[in-house]
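Engineer: compute the structure for the input listed below.
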Amino acid sequence: MDIYVAELDETGKIAAVWVKQDSAFGPGVFDPQKHKFDPKSPHQFAGACRAEIERWMVSKTQETTHTL
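Structural biologist: Residues are numbered from 1 along each chain as shown. As a prediction, the model looks like this:
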């Protein structure tokens, strides 16, 4: 089960999301080019609610696809 941890800035907004995948040695900052998020798979979330973390990851994915 992958773990997603929100890192918040001083205003309480998500600044980054750290991902610890089952197969990975350690956590890393979410990168839409390296990490694939499947909302149907079971995950753990910390630092913010699941919906906020998912919105942040979707926005980062969209930013990446618009810049290619």
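
Engineer: now the strands for the chain?
Structural biologist: Under the criterion DSSP state E, strands of the chain are mapped to 2-8, 14-20, 28-29, 43-46.

Engineer: list the buried residues of the helix or strand of the chain with the lowest mean pLDDT.
Structural biologist: Across the helices and strands of the chain, mean pLDDT, DSSP states H and E gives its lowest value to helix 50-67, namely a mean of 85. Buried residues in helix 50-67, counted by 16 or more other C-beta atoms under 10 Å: 52-54, 56-57, 60-61. Quick note: C-beta positions are derived from backbone N, CA and C, even for glycine.

Engineer: need the strands of the chain in a markdown table (columns: mean neighbour count).
Structural biologist: Compiled in a markdown table, those are given as follows (neighbours: other C-beta atoms under 10 Å):
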| stretch | mean neighbour count |
| --- | --- |
| strand 2-8 | 17 |
| strand 14-20 | 17 |
| strand 28-29 | 13 |
| strand 43-46 | 14 |
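
Engineer: which among those is found nearest to residue 35?
Structural biologist: strand 14-20 (5.4 Å; C-beta to C-beta).

Engineer: is residue 28 bridged to anything, and to what?
Structural biologist: residue 19 (DSSP bridges).
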